[in-house]
Structures are given as structure tokens and as C-alpha cells.
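Chemist: Predicted model follows, preceded by the sequence.
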Amino acid sequence: MATTHTRSAARLMMAPSVILLLAWMIVPLCMTIYFSFLRYNLLMPGMEEFTGFLNYQFFLSDPAFFDALINTLLLVGGVLAITVIGGMAFALLLDQPIFGQGIVRILVIAPFFVMPTVSALVWKNMFMNPVNGLFAWIARSLGFAPVDFLAAIPLISVIIIVAWQWLPFATLIMLTALQSLDEEQKEAAEMDGAGFIPRFIYIVLPHMARAITVVILIETIFLLSVFAEILVTTNGGPGTESTNLTYLVYAQALLQFDIGGASAGGIVAVILANIVAIFLVRLIGKNLEA
Amino acid sequence: MTLKSILLGAVSALALSGIASAETLTIATVNNGDMIRMQKLTDDFKTKNPGIDLEWVTLEENVLRQRVTTDIATKSGQYDIMTIGIYEAPIWGKQGWLAPLDTLAADKSYDADDLLPPIRSGLTVDGKLYAAPFYGESSMVMYRKDLFDKAGLKMPDAPTWDFIADAARKLTDKSSETYGICLRGKAGWGENMAFLTAASNSFGARWFDENWKPQFDQPEWKNTLDFYVKLMKDAGPPGASSNGFNENLALFQTGKCGMWIDATVAASFVTNPKESKVADQVGFALAPDNGLGKRGNWLWSWNLAIPAGSKKVEAAEKFIAWATSKDYLNLVAEKEGWANVPPGTRTSLYNNAEYTKAAPFAKMTLDSINSADPKQPTVKPVPYEGVQYVAIPEFQGIGTAVGQQFSAALAGQVTVDQALKNAQQLTEREMAKAGYPKK
């Protein structure tokens, strides 16, 4: 237990960094809110005027907005499902004593070190390209027509690319959790005649709950704002098939140079992200307590 | 060390860097082949102008456009010279964002009268030149002579769309990965919409009527898009909805396209044996028409301009004069051969026998540029200028959003009718938001 004295000292010492952080976040946020009420297009100087909620009205009534919302949720959900299940599977496999374990582990973790733009480019040009890509070549040599991934199933393609990058992270966290599991517990259960599946459900899974929570919370924060992969591969298209909220705001700000509209979109995205965050913390954050 | 001395030090450091950079020009440019070549040749400029140092910021087209536009609109002054398109030049000139190139236009040795008239007029507002063209282009048909011979076809100098469509279907042999025609499908106002807007002119379509009402609900646009989507489905490469200029260039150079309708600057790349497998088999023809009096070719140029309020106008003008002069053309010819000279800006180049001999595409390029008319681009009257774009500031955003819809139609995600309906709706929205029709 801290005394009153040490507590106030701690507050004093933390003050500068807290104030700096707040300023860092509050100034841009206030400017964004201010801009979101202005008619402010970079290409039309001298036209700035207060327009009330017009920007919000246009952003929320944009047919692309609803698509973007659904796509954002699908993207987060899809990647989470793949990485949590896949990460668990990889962690279980990597935990087995095999020859060359170290090298295999490094190979599995490697994608995490590749920059998002680079991996997206490699996937787009080397794997998913319907004329020159590896998948098309495999399909053709097996006698099938090649799939045009980025045009036919754009959102799924983006999910695959993003999941590939986040799988190592999930694997790593889950592997550490798995290794902290007491071997004696498992052995005891095994001697009592429990098979692999009951052992997994009643011993391993409860032990991993915290790791899974960490993976879901951290990944959700990053996945809500996936951008580079979409920009490099599909540009949000075809149509709005792979446009998420981040990309929609980008398009408003840097393709249409509509700062007012983009700010309104940004504020809407912040509000939605906070709703998701509250929901997540309430629902699964409990696991982190105690 | 006291606070005062730290501050003094900082101030003097700033002052020093100010002095040192007085002679450094920061140039933003696009990563196209001709500009990269210019950077390699700058020693020539530096020996002629010892006081001026150059710093390059080379970016991909879309990124360049974003950086340059935000820089000039917020007046942050990062760049002393900007590479801008013929779309931006008149809009920015009118808004007072660019310094007029009066000295250059009056300079006899620079010879501004030698600039090709369609390009020069595109860069001029109220009689003042606001940017100097580095290279100019139109679009044309590039085709494989060997495939045409094999199919028993002969390409006319001025083909119709019907002939192109017919030939494309005959040339297609999907089992050997030969596709009759490669066209742009990647969304973007400078990507698929450049091609489709130019093509739609020859189908009699237009973006807006005289009262700025969007025209995507008219039959001419339906004809254009129907034709394009069907043709690409029958005779185009898979994945066409993500192909832009560079993707199509790669397909054509590796011998996978029978025809390609795109920028005339591509001609020197597809006929260069170092880069192209089909270099000796490429023929050229004018972009197709439908007998309505307008051809489906565009007009574009990349230009150098100086932001208004720049403190280095004099030095910047010297560089622009060097990079867009006749001497520069001679310099490139001497170092790299005549075929690699930046094309499409000067009449004298096309009167030069050495150039027309080295560049088999020269005549077709000039004819294509001269047949594009930005002042009267469509069959029906329009309130805007621009062949493959609409010269209003809002067009970048609208053009890209419409491009997304048309790219989705090409990918088969939506029908042609749905894509046109969406395009009409979103264009109406944006125009209403921007307050059109303006008086």
C-alpha cells in the first residue's frame, strides 16, 4: 500500500508526461472538431464558412458510408477469427518438441517483421495477380480458371493479407501463455485418462483466456484502422467492396481535398471506435482483472 | 550553458541554413522515365549555373499530386518547382497559386511560340503562361503487327471502334495468354476515367450538360460503358479492373496484348528492344472513333511551374528554361539517342528529320495531340474544358469516385446500369455540395 505522501509525489512526477500526452491528443482533436463544422475544401480557397452539421449530414448519408462500416467490421472480425484460431493452432504445434524447433519458430514469426506495404505488394503482384501470380499458375496447371482475387473477392483478399501479418503476433502471445502452463497439471489429467480434446477444453483453454483477450484487444485497435494494405492492393475498390472507414476518410481528405467532410468522417470514426472499445472492454476485459 | 545562449545558437543555426539554402531549389517531380532521365542530366545545368543547387523529391503520380496540392493550398512552401499536369495548371493559375512565367514567354531564345498550340493554350490563363511543358502526350492505338498478319487483319490509320472490337475478339487466344485488347480498368480520375472519358467523347457522351447536370443517365454513357465492359470481358486480360498504365505496359511488353490504347509516351517504351519483347512488331494508329466527329484520344502534359510567392523565382525560372528548352532536347538526343527525347511539346522537334527517323511513332503522336481539342471536347456542347477530365477543382474527387463504380462494373461486382445509376447519384451529390451551378 502506498502512503498519501508517496501517492502525491507520484502524481507530481507523472504530471508532465500526462499533460504532454493530453495536449498531443487534445489539440488535434479540437482542430478536427472545429474543421468538421466548416465548409473547407483545400482546392477552393476563401470559401471557408460555418456550415453546422452539413458535413456530418453528407458523410452519414453517403452510400459509401454504410458499406465502409460493414467492411470495417467484417475486416476486424475476419482477421480476428483467423488469427485467434490459427494462432492457437500454431502455438500448439510449435509447443511440440520437434527437430529444428528454433528455426521453425523464427519462420512462423517472420511475417511480423515485413512492412505492411511491402507484404501487400508481394501478395498483390506475386501471389494474387490473375495473369502472372503464383495462385493463377497453380490453378492453371491443375486445369482450373485462375481466380481474380482482388476484383472478385477483394475484401476476403485484404483479410487474408492482413491476417497473414497478424498471425505471428497471435502465435507468439499464445505460445508464451502455453509454455507457462504447468506440465504437471496436464500429466495428471492424462493419467486420469482425459483425452486430447477434454484436456484442451478444460485445462489449456481456460489457462489461455487472458492471452486470447490480449490478442483480441490489441489487434482490434490496429485492425479498425487498416489502411496501407487497402491502398496498395485494391484502392478501396472495385466500387466500395473493400473500402473501410479509414479509407473513406482518406479519400475525402486526400482525393477530394475536402477537409471539412474528412474531419466529420474522422469524428464519426472516433465515436464508432470508442463504442467498439467500450463494448470490448465490458465484454472480455473482465478477463484481465484480478 | 544558459537558456539565452541556447536560443542564440538556435537562431543563428536557422539563419545559417537560410543563407545556405538560398541557392537550393527543391523540385517535386513524378517518377516517370523522362523525369528520372532529367535528374541524371542535371550536371549540365549545374555547370551552366554554378550558384544553384538542386534537390529532388521524386514521387509516384498519385502521391505527388497529393503532396503538391496540399503544399500549394496551405502555402507551406516546401517546393520551389512543382511538376503539375495540364489539368491543374489553368485552375491553379486562375486562383493565383502560380507565378506567371512572363520572362520565359518573352525570351526569344526560349522560343515559346515553338510550343505545340494545344498544349500551350492549355497552360495559359488570360494570355499568361503559368507552366512550361516538359513532355506532352495524347493517346493512340498500339498494336502487334505479327498478330494482325497472322489473323489476316490490317489496321487502318484511323480505325473505328467496331473494327477495334472485332479485331480484339479475333486476336484473343486465352489458352496461349494472348488477349486482344488491354485497356485501363484501375479506378482513378487519371487512370480508368482518363481513358473512359476520352472514349465516351467519341460515343457522343459528356459529363455535364450546359446547366452542370450530370449525364450518366443518358444513353450515350450506357453505350460507352456497355461496349467497354463487353469488349473487356470477351477480349481483355483477367484482372483488368486493377490494371493501370504500368500494369498494361508490362502486359504489352511481355507480348500478352494484341492491342493497347493508351498514352503516346508509351511508344518509346514498347519499341525499346531492351525493355520490350515485341519491340520490332509494334504498329501505331489513331485512337478509334464512331463517325460522330470526335476521336477517343486525350491530351495531357506534365509541366513545371513555380508557386506564387516563391522567393526563388529567378533561379527557378532558369531551371525551367533549361529543362524545357530546345537545348535540353539536343542534350538528351546526344546522350541517349533521339527516340528517347521527351516528346510532344515543341513543333521544331517534329520538323527535325533525325527525330522522325529515329522515332517511328512521331507522326502518330503529333497527329493525336493536334486532333484533341480541350476547348470543345464533346459532340454536344459542354460548360467545361478538358478532353479526358473536367477542368473544375471538384473533378479529382468526383472522377475517382465514378472511376470506382466503373471499375466495379468491369470486375462484374455491379451491373453497368447500377454503376451508371450510382455514378449519377454521387456526382449529383458532390455537385450540390459544391454549390453548382455557379454563377
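Modeler: In hand now; what should we look at?

Chemist: Which residue would you name as the spatial centre of the chain?
Modeler: I'll assume chain A. Centrality entry for chain A: nearest residue to the mean C-alpha point is A:L223, 1.6 Å, by CA atoms, centre = their mean.

Chemist: you looked at the wrong chain, it should be chain B
Modeler: B:W300 (4.3 Å).

Chemist: pretty sure the residue nearest to the centre of chain A is touching A:G77, no?
Modeler: No - with contact defined as CB atoms under 8 Å, A:L223 does not reach A:G77; the gap is 9.0 Å. No exception for glycine: its C-beta is placed from N, CA and C like everyone else's.

Chemist: need the contact list for the residue in the stretch 101-250 of chain A positioned nearest to chain B.
Modeler: Nearest residue of the stretch 101-250 of chain A to chain B: A:G239, at 3.0 Å (CB to the nearest CB). Residues counted as contacts of A:G239 (CB atoms under 8 Å, 6 or more residues apart in numbering or on different chains) are B:Q404, B:Q405, B:S407, B:A408, B:A411, B:Q413, B:V414, B:A419, B:N422.

Chemist: Then A:I267?
Modeler: So A:I267 contacts A:T32, A:I33, A:S36, A:Y56 (CB under 8 Å, 6+ apart).

Chemist: I'd like the distance between the residue nearest to the centre of chain A and A:V249.
Modeler: 16 Å (CB to CB, to the nearest Å).

Chemist: can you check B:S310 too?
Modeler: 32 Å.

Chemist: Check A:I33 too.
Modeler: 14 Å.

Chemist: For these two, indicate the residue with more neighbours.
Modeler: Remark: of A:I33 and A:V249, A:V249 carries more neighbours, 23 against 14, as counted by other CB atoms under 10 Å in any protein chain shown.

Chemist: In a helix, the more buried one, correct?
Modeler: Yes - membership of A:V249 in a helix is supported by DSSP: H, G, I helix; E, B strand; the rest coil.

Chemist: Low-confidence ranges, the chain, go.
Modeler: Using chain A here. A:1-2, A:285, A:287-290 (pLDDT under 70).

Chemist: Oops, wrong one, chain B.
Modeler: For chain B (pLDDT under 70), the answer is B:1-22, B:439.

Chemist: Let me see the ranges of the strands in it.
Modeler: B:24-30, B:53-59, B:81-85, B:124-125, B:128-129, B:132-144, B:179-182, B:257-263, B:282-286, B:299-305 (DSSP state E).

Chemist: For the closest residue to B:L304 other than its chain neighbours, give its distance to chain A.
Modeler: Nearest in space to B:L304, with sequence neighbours left out and distances taken as CB to CB, 6 or more residues apart in numbering or on different chains, is B:I320 at 4.7 Å. Using CB to the nearest CB, to the nearest Å, we find B:I320 at a distance of 24 Å from chain A.

Chemist: which residues does B:I320 contact?
Modeler: B:I81, B:L101, B:L104, B:A132, B:L304, B:A305, B:I306.

Chemist: just those now: which is nearest chain A?
Modeler: Taking the contacts of B:I320 together and measuring to chain A by CB to the nearest CB, the closest member is B:A305, at 15.8 Å.

Chemist: looking at it, that closest one is touching B:P133, isn't it?
Modeler: No - judged on CB under 8 Å, B:A305 makes no contact with B:P133 at a distance of 10.3 Å.

Chemist: Please say which of these two ends up with more neighbours.
Modeler: Taking neighbours as other CB under 10 Å, B:A305 and B:P133 compare with B:A305 leading, 28 against 23.

Chemist: That one and B:F134, how far apart?
Modeler: Taken as CB to CB, the span from B:A305 to B:F134 is 10 Å.
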